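Trainee: Predicted coordinates and the sequence they were generated for:
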Amino acid sequence: MLEGERILMIIYVILKRTFDTEEKIVIQNGKISDDGAEFIINPYDEFAVEEAILLRDKHGGEVTVVSVGDEDNEKELRTALAMGADNAILINNEEVEEKDQHTTASILAAFFEDKAYDLILGGNVSNDNSTGQVGPRLAEQLNIPCVTTITDIEIEGDMVTVVRDAEGDTEILKTSIPLLATAQQGLNEPRYPSLPGIMKAKRKPLEEIDYDELGIDEDDIESLTETVTVFLPPEKQAGKILQGEAADQVKELVTCLHKETKVI
């Protein structure tokens, strides 16, 4: 093997099942209703799956997608397999009553505790909660480097060069593996599963593990947050066009802001 060359990378992708971005959100009894809703792979996680496949094809190795949830997650895991992932694992946490990002990260940390890996990829945020916490929390528990919002990644031997989006600017970082990185839009263009890929996905292994098989103490995954209320934003009101001279429009605008919208 040449100096700096790495072969047979072990890559994991943490994947979340989320509402289709076209779905209309409905609130029932203070909770988001999923009755009849369509679900997809979290869009940011799709970037992670695609990048994992590209890195595997370049360096050799294996891609395994992992999701924490219930049996419904199998559909999204099969989609990732159809995209080109090699293996899929569902960690079933259906019996856990109260769940938050701490819960998910702690379950994943228990799963990875005895695993060998070079790279763990995930989406920067999910399109439902958008907290961006699971990846960094998991890296902290695994005691490995973490880089968020990546838009490019190059691996040479054990060294990794990462470009990350820094709120309109870019940062170039150098680190080493094992590494956890979260994908930002612009990292790549996720592929659509092909028909042959869909057929192959049916034969690829999908393993299901109950969270309690990981030797987890219930206290260690207890939710640390509480949802007080869930509500939809108010419907947008029709706009108002001001008429007359500019000075008159300014006066009317100030009056509206003061008496109608009460923002001043």
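Mentor: Received, thanks. Fair warning: this is a prediction, and the values are worked out from it, not measured in the lab.

Trainee: Which residue ranges make up the domains of the chain?
Mentor: 9-221, 236-264 (automatic domain parsing).

Trainee: can you tell me which of the ones you listed comes nearest to residue 230?
Mentor: domain 9-221 (5.7 Å; Cβ to Cβ). Every residue, glycine included, has its C-beta placed from N, CA and C.

Trainee: how long is that closest one end to end?
Mentor: 30 Å (Cα to Cα, to the nearest Å).

Trainee: Please identify the most buried of the domains of the chain.
Mentor: domain 9-221 (a mean of 17; mean count of other Cβ atoms under 10 Å).

Trainee: Show me how far that one is from its chain's centre.
Mentor: Relative to its parent chain, domain 9-221 has a centroid offset of 6 Å by Cα atoms, centre = their mean, to the nearest Å.

Trainee: pLDDT averaged over it - what is it?
Mentor: Mean pLDDT, domain 9-221: 94.

Trainee: sorry, back to before: relative to residue 229, which of the domains of the chain is closest?
Mentor: domain 9-221 (6.5 Å).

Trainee: about what we covered before: turn the domains of the chain into a markdown table, including distance to residue 230.
Mentor: Below are the domains of the chain laid out as a markdown table (distance: least, Cβ to Cβ, whole Å):
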| stretch | distance to residue 230 |
| --- | --- |
| domain 9-221 | 6 |
| domain 236-264 | 20 |
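
Trainee: and of those, who's closest to residue 227?
Mentor: Distance to residue 227, taken as Cβ to Cβ, is lowest for domain 9-221 among the domains of the chain, at 8.5 Å.

Trainee: Keeping just the C-alphas, turn the helix ranked longest in the chain into PDB.
Mentor: Criterion DSSP state H: the longest helix present in the chain is helix 43-59. What follows is helix 43-59 as a C-alpha-only set of coordinates in PDB (Å, rounded to 0.1, in the frame of the first residue of the first chain):
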ATOM      1  CA  PRO A  43     -33.100  15.500   3.000                       C
ATOM      2  CA  TYR A  44     -29.800  16.400   4.700                       C
ATOM      3  CA  ASP A  45     -29.300  12.700   5.500                       C
ATOM      4  CA  GLU A  46     -29.600  12.000   1.800                       C
ATOM      5  CA  PHE A  47     -26.400  14.100   1.300                       C
ATOM      6  CA  ALA A  48     -24.700  12.000   3.900                       C
ATOM      7  CA  VAL A  49     -25.800   8.700   2.200                       C
ATOM      8  CA  GLU A  50     -24.600   9.900  -1.200                       C
ATOM      9  CA  GLU A  51     -21.200  11.100   0.200                       C
ATOM     10  CA  ALA A  52     -20.700   7.800   2.000                       C
ATOM     11  CA  ILE A  53     -21.300   5.900  -1.300                       C
ATOM     12  CA  LEU A  54     -18.900   8.200  -3.200                       C
ATOM     13  CA  LEU A  55     -16.100   7.700  -0.600                       C
ATOM     14  CA  ARG A  56     -16.600   4.000  -0.500                       C
ATOM     15  CA  ASP A  57     -16.400   3.800  -4.300                       C
ATOM     16  CA  LYS A  58     -13.200   5.900  -4.200                       C
ATOM     17  CA  HIS A  59     -11.400   4.200  -1.300                       C
END
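
Trainee: what's the angle between the very next helix or strand once past that helix and helix 43-59?
Mentor: Downstream of helix 43-59, the next assigned helix or strand under DSSP states H and E is strand 61-69. For strand 61-69 against helix 43-59, the angle by axes from the mean of the first three to the mean of the last three Cα atoms, to 10 degrees is 160 degrees.

Trainee: What strands flank strand 61-69, and is each parallel or antiparallel?
Mentor: Using DSSP bridges, strand 61-69 pairs in its sheet with strand 9-14 (parallel), strand 87-92 (parallel).

Trainee: could I get that strand in PDB with only the CA atoms?
Mentor: What follows is strand 61-69, C-alpha atoms only, in PDB (Å, rounded to 0.1, in the frame of the first residue of the first chain):
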ATOM      1  CA  GLY A  61     -14.900  -0.400   2.000                       C
ATOM      2  CA  GLU A  62     -18.500  -0.700   3.200                       C
ATOM      3  CA  VAL A  63     -21.400   1.700   4.000                       C
ATOM      4  CA  THR A  64     -23.900   0.900   6.700                       C
ATOM      5  CA  VAL A  65     -26.900   3.000   7.400                       C
ATOM      6  CA  VAL A  66     -28.300   3.100  10.900                       C
ATOM      7  CA  SER A  67     -31.700   4.500  12.100                       C
ATOM      8  CA  VAL A  68     -33.300   4.800  15.500                       C
ATOM      9  CA  GLY A  69     -37.000   4.500  15.400                       C
END
